[in-house]
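Asks: Sequence plus the predicted model coming up.
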Number of protein chains: 4
Amino acid sequence: MSGNTFGHLFAVTNFGESHGPAIGCVIDGCPPGMALSEADIQPDLDRRRPGTSRHVTQRQEADQVEILSGVYEGRTTGTPICLLIRNTDQRSKDYGDIAQTFRPGHADYAYLHKYGLRDPRGGGRSSARLTAPMVAAGAVAKKWLAQKFGTRFRGCMQQIGEVEIPFEGWDHVPRNPFFAPVADVSALESYMDALRKAGDSCGARLRVSATGMPLGLGEPLFDKLDADIAWALMGINAVKGVEIGAGFASVVQRGSTHGDSLTPQGFRTNNAGGVLGGISTGQDLEVSIAIKPTSSIISPRETINLQGEAAEIVTKGRHDPCVGIRATPIAEAMLALVVMDHALRHRAQNGDVAPPMQPIQASFL
Amino acid sequence: MSGNTFGHLFAVTNFGESHGPAIGCVIDGCPPGMALSEADIQPDLDRRRPGTSRHVTQRQEADQVEILSGVYEGRTTGTPICLLIRNTDQRSKDYGDIAQTFRPGHADYAYLHKYGLRDPRGGGRSSARLTAPMVAAGAVAKKWLAQKFGTRFRGCMQQIGEVEIPFEGWDHVPRNPFFAPVADVSALESYMDALRKAGDSCGARLRVSATGMPLGLGEPLFDKLDADIAWALMGINAVKGVEIGAGFASVVQRGSTHGDSLTPQGFRTNNAGGVLGGISTGQDLEVSIAIKPTSSIISPRETINLQGEAAEIVTKGRHDPCVGIRATPIAEAMLALVVMDHALRHRAQNGDVAPPMQPIQASFL
Amino acid sequence: MSGNTFGHLFAVTNFGESHGPAIGCVIDGCPPGMALSEADIQPDLDRRRPGTSRHVTQRQEADQVEILSGVYEGRTTGTPICLLIRNTDQRSKDYGDIAQTFRPGHADYAYLHKYGLRDPRGGGRSSARLTAPMVAAGAVAKKWLAQKFGTRFRGCMQQIGEVEIPFEGWDHVPRNPFFAPVADVSALESYMDALRKAGDSCGARLRVSATGMPLGLGEPLFDKLDADIAWALMGINAVKGVEIGAGFASVVQRGSTHGDSLTPQGFRTNNAGGVLGGISTGQDLEVSIAIKPTSSIISPRETINLQGEAAEIVTKGRHDPCVGIRATPIAEAMLALVVMDHALRHRAQNGDVAPPMQPIQASFL
Amino acid sequence: MSGNTFGHLFAVTNFGESHGPAIGCVIDGCPPGMALSEADIQPDLDRRRPGTSRHVTQRQEADQVEILSGVYEGRTTGTPICLLIRNTDQRSKDYGDIAQTFRPGHADYAYLHKYGLRDPRGGGRSSARLTAPMVAAGAVAKKWLAQKFGTRFRGCMQQIGEVEIPFEGWDHVPRNPFFAPVADVSALESYMDALRKAGDSCGARLRVSATGMPLGLGEPLFDKLDADIAWALMGINAVKGVEIGAGFASVVQRGSTHGDSLTPQGFRTNNAGGVLGGISTGQDLEVSIAIKPTSSIISPRETINLQGEAAEIVTKGRHDPCVGIRATPIAEAMLALVVMDHALRHRAQNGDVAPPMQPIQASFL
């Protein structure tokens, strides 16, 4: 109820602060009998890890995950899986002065008023570092969904600041530090270098999708699959907008074109983004999110101090000039966690889940 | 868990189908002692009601609400409030043929595969008619929040199809059938008349906001206020995108401009849309949503039947050519329900909620 | 969260007051496709109904249930099932004077202090009348469990006041107004007649059990099957104690006798009451509950009024001299609802549920 | 949903196995601003700790708790508190043979059938060792309740096997290894020595109570305070029965004596055990529980193996001959956790909680 548990049947409870001894999560509800070890989880953590290129924060964190419970002789037991990640590279002195002043665009002000006190070290609980345990939990969900349905999750960058990135192919994504689906990222490199030199930050737009989706996931009326996706992705630090399928472009569409025609061979288009009436149709899930520019920048900003007096603030520390860059594996993980929870919810009420739609007819019973 | 309850502490359980005997909801968690009667609820229902202009569906429903429980001698008792709305104008014969065919863009296909059967009359459970009980519940939430904090909710149309609507003032909104914040709606009337004549439908873009917001509402990490708003609004029928504050425009902003500066007199801007780190800052909540064109149109569409064979469908019945028009009071209600739930959640953990920010300083303790 | 929803995946939200216009419930999560009509529900309501013998309250309520939603062409659709029961025989004037005085043993005092106001008519929300919708919901659960697993629920009276009732056979239970498993109930009739003449009330002890239980239901660590049973049954009005299997008798047992031996033909005994480690073993569930004497009696009692001054109270109105008598169908329904919820929870995590244990070996995979 | 989270607003998620690397819990919802350190928690853990007398298991566990998150500069921040306890004295080889055979009265059989596999080392997840994190979480709840309301929790032994223990005074409880409220425990020592020599185990009966209770806690209809207490205590390993107030003794009471009279000076008696209509009255909570004899005994038992064949089992390892002895601090913690959760639930709906009843009149508003 205090907002630190994600999901209902595959429930992930997150704990920790950016500069405390450790961060982690407890997964409750993982089906028993699945082979699981740290090796299944570490690759996704490594994709999100800081310090891997000059375009992201230089904080060095190994982000080594340790499974503390819920696995016996290499298999999940159906009991809670505790995943622990020790913090190793805290430089809390960087944050000494911000304890007295509010950073514009940051959670400082809201946290202090909500709780009456806050942990200012590295943003404390509001740090994007807390997405690491979700990436770890997402890896567990991804594995189960891949084995059960063949569902796969992937994401890529669509735009960094003003630079729109055309989609050339998924294969390019892991080959550059921007998760960009293009062969040549020199324009992005120049853009980011200039931005870093200017001491500023920029926003980004990401795409995340799922293939091999089982039909019938999502609960009407409120826990619609698309509603839960919006909740999960809007909940990622710095996200300010979420679209499903055609999204905001559907405003200027006509009903005669927006509605995806059905044919014996499948849907003709995917304006729906894989969801109709809140329920998955077996088409690919297609989601797009907007990420605001990093609030922590070294340019001086106008603000107030704890006494409400005018003040100026310069945020030192090591920050991502574009938080959107490392958000791709996070968005994938959140999408996977939503689908996982709905897969379990579906079979609670409806029994074992239908297979992914091959031809449409195959699903009729 | 099956998706028919909205909220945790102000929990609204919705029931009914478009063409069943009745629709309604049960509100559990309303604070005791508040004066409440049907007269507090009916005005918002009347704003959402069908049949009020030639630009919306011609189905005639009085949408008279009856309070069945939870109120004694005109005051809420703290026990469940059941609100019942009888259906009166069902013409189910309109739906006879769609039982054998799937309507593109509609929930038919997904429902049938999820549940193995469905109620085809008027969309059954997937009908936008089910938003009526939410508007009723939202009116209860609005009243409590207005009395407690002075919070007010309002919405208006920003765009219908290609027609962008400039913001001239809130006063215009109740004076035209489009919830448009402009004095002259003749362009909208012509546009809608042409659309109806063409047998087609269009999308829309709405703005919904809250003023007089208490500081400190919203739960990190997951049940962020903005995440829950995204969930609630994406859950409204036909919504395909949600933005908070600057939304997708923040992609091309710099950190030096996006982050709202604080001054002793308040924030300078509201790119955040009233939420930082998932917690309300006391600024106005600002949300924008994209609504897809109505799926039920009378133009013939390509589809398949229950046997998976190619078919053609023409959707008769009485439908809104732009479902976005009647969505304004719905979006207000959903926003109010999210804020209400978080107000109660906040005081569970933190005791009685802080007053709305007057000058910033006033909130410091 | 405000305590009016029972269950998680088969979630029953209860509403109404003893003397309001109606009582009822909304069932969310019922699996789709099950044949269901009022005729499946009414028989259990009739077993609980008041006014059926001189040994229970003389209030006349038909307790006719109406299905408002969730059923289409005689089958459940997987959407919320609203069950409505109109109140027809309220005599609220009976309760005029108790609005100023607290009845010993009754919820008046606690309700007023919790909520600051209360509905005094017939106990308002604290009335045992609110168990009727649970009996109705329980009938739906019973039907599904019977079809799926062959599970059956039944209860009987073990003791009324000082009169212990030997177990002669289940066949006797429906043949007398006491739900007593004996052929001759003349001793009970005399006892109850004398009690009524004395203007007093007495307690009771009931047994409720389930046969044909599927193996593996119940969640460790907290939502153990026996813990949830204790919660459900202690939550019935007037219940003061709950035992599973050997219950309090296990205090004086030795480990060498209490632990039920396993043999190739099955368990030798059932001290466990069908649950080990919080999980069902396939043995019969065996539960016993203690019900306190009715608090509403016509003998004068010492109390205080709203001003805290000494006062005397005589409770008029029409009350059961032993509320335990009508509690048998209620206890069955509550047990069925617990098992139903756990059956759905089980298959969420573990896939389709194992069949009931025939010989033990049959369950091994 | 998988049963490893206790509570809703003060939610404790438990993880770990008896012989894994660590056990622990995450507390979500603790109010911010409370001074908290390991020193607040360790004393209760030490009271529950094994190996402290010859009458309990000889396993040596320091049960040192470490706070991993949620506390900054000695105060709770309102964010999740992770408590970690490392396992140090596992002797898993003791459990080698039980992997092939089911122990009567133990969870082995049910776990294997539920999950298809299990961790046999020390009972794995079903071990009473998992109550340690609850004792730790309970210590946090106790501290907050003591500061806020002056509420105190305490428990004592009422009976061990056939030996009934008269109540001489609370002062005796911490002075003997049995939590017995008597000066002379020589009879208990002899009884336990004989039992241990016989290689057998026995049951126990405990009392647990709370003083300084705030009025108005508990939610009708289902999450009644007494129902939630029954759930929490029945959920402790080996508990088979729960009573509130007069409990099973109320079966033979009359309404004229059971109902506690109110006077201007307070209630005359406490048959209710502090709860009426599911809501606390401000009287002391009084609860009694029955604990079955330990299932792990060294006497040989009849059982079956994984193949369903007849077998004999002798449970080696280090076990408590009467698990009831160490259950006293566990029962206190569970009661405190229930009250804590309801305190937060109450103020969500009703605003800040009323003070404990001093004279009855003081509570009227």
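Replies: It's in.
Asks: Every contact and neighbour count from this point should use C-alpha atoms.
Replies: OK.
Asks: ends of stretch A:204-219, how far apart?
Replies: Start to finish, the residues bounding stretch A:204-219 are 31 Å apart (CA to CA, to the nearest Å).
Asks: Report how many residues lie close to residue A:187.
Replies: The number of residues packed near residue A:187 is 11, by other CA atoms under 10 Å in any protein chain shown.
Asks: Check residue A:5 too.
Replies: Counted with other CA under 10 Å, residues neighbouring residue A:5 total 25.
Asks: Over to residue A:348?
Replies: Residue A:348 has 31 neighbouring residues, counting by other CA under 10 Å.
Asks: isn't residue A:217 right next to residue A:277, touching?
Replies: No - contact criterion CA atoms under 8 Å: residue A:217 and residue A:277 do not qualify, at 10.7 Å.
Asks: for chain D, what are the nearby residues on chain A?
Replies: A:1-2, A:4, A:8-9, A:11, A:13-17, A:20-23, A:26, A:28-29, A:32-33, A:68-70, A:72, A:77-82, A:115-119, A:125 (CA under 8 Å from any CA of the partner chain).
Asks: From the residues you listed, pick out the ones that also neighbour chain C.
Replies: A:9, A:29, A:32, A:78.
Asks: among these, which two are most distant?
Replies: Farthest apart among those by CA to CA are A:9 and A:32. That separation is 13.3 Å.
Asks: what helix or strand is residue A:109 on?
Replies: Using DSSP states H and E, residue A:109 maps to helix A:108-115.
Asks: host element of the closest residue to residue A:135 other than its chain neighbours?
Replies: With CA to CA, 6 or more residues apart in numbering or on different chains as the criterion, residue A:135 has its nearest non-adjacent residue at 5.2 Å, and that residue is residue A:333. Using DSSP H and E, residue A:333 falls within helix A:327-350.
Asks: Tell me which other helices or strands that helix touches.
Replies: Counting by 3 or more CA pairs under 8 Å, 6 or more residues apart in numbering or on different chains; DSSP states H and E, the packing neighbours recorded for helix A:327-350 are helix A:38-48, helix A:132-149, strand A:152-160, strand A:204-211, helix A:225-234, helix C:327-350.
Asks: Could you export those as a markdown table, including mean pLDDT?
Replies: Conversion of these to a markdown table gives the following (pLDDT from 0 to 100):
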| stretch | mean pLDDT |
| --- | --- |
| helix A:38-48 | 96 |
| helix A:132-149 | 97 |
| strand A:152-160 | 97 |
| strand A:204-211 | 97 |
| helix A:225-234 | 98 |
| helix C:327-350 | 95 |
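Asks: Can you say which of the ones you listed is packed in most?
Replies: Compared across these, helix A:225-234 shows the largest average neighbour count, a mean of 30 (mean count of other CA atoms under 10 Å in any protein chain shown).
Asks: check whether that one contacts chain C.
Replies: No - applying CA under 8 Å from any CA, one finds helix A:225-234 separated from chain C by no less than 16.0 Å.
Asks: which is the next helix or strand following that helix?
Replies: Per DSSP H and E, the first helix or strand lying C-terminal to helix A:225-234 is strand A:239-244.
Asks: Give me the next element, helix or strand, following that next one.
Replies: With elements assigned by DSSP H and E, the helix or strand that comes after strand A:239-244 is helix A:255-258.
Asks: For stretch A:297-311, list the C-alpha coordinates in PDB.
Replies: C-alpha atoms of stretch A:297-311 as PDB (Å, rounded to 0.1, in the frame of the first residue of the first chain):
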ATOM      1  CA  ILE A 297      22.700  19.200 -14.100                       C
ATOM      2  CA  ILE A 298      25.800  21.300 -13.300                       C
ATOM      3  CA  SER A 299      24.400  24.500 -14.700                       C
ATOM      4  CA  PRO A 300      23.300  26.800 -11.800                       C
ATOM      5  CA  ARG A 301      19.600  26.900 -11.100                       C
ATOM      6  CA  GLU A 302      17.200  29.200  -9.200                       C
ATOM      7  CA  THR A 303      15.700  27.600  -6.200                       C
ATOM      8  CA  ILE A 304      14.900  28.000  -2.500                       C
ATOM      9  CA  ASN A 305      16.400  26.600   0.700                       C
ATOM     10  CA  LEU A 306      14.700  24.900   3.600                       C
ATOM     11  CA  GLN A 307      13.800  28.200   5.000                       C
ATOM     12  CA  GLY A 308      12.000  29.200   1.800                       C
ATOM     13  CA  GLU A 309      14.600  31.800   0.900                       C
ATOM     14  CA  ALA A 310      15.800  32.300  -2.600                       C
ATOM     15  CA  ALA A 311      19.000  30.300  -3.400                       C
END
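Asks: which residues are in contact with it?
Replies: A:100-104, A:199-201, A:312-316, A:319, A:321, B:255-256, B:261-264, B:360-361, B:364 (CA atoms under 8 Å, 6 or more residues apart in numbering or on different chains).
Asks: Show the buried residues in those residues.
Replies: Neighbour-count burial within the contacts of stretch A:297-311 applies to A:101-104, A:200-201, A:313, A:315, A:319, A:321, B:255-256, B:261-264, B:360-361; the criterion is 16 or more other CA atoms under 10 Å in any protein chain shown.
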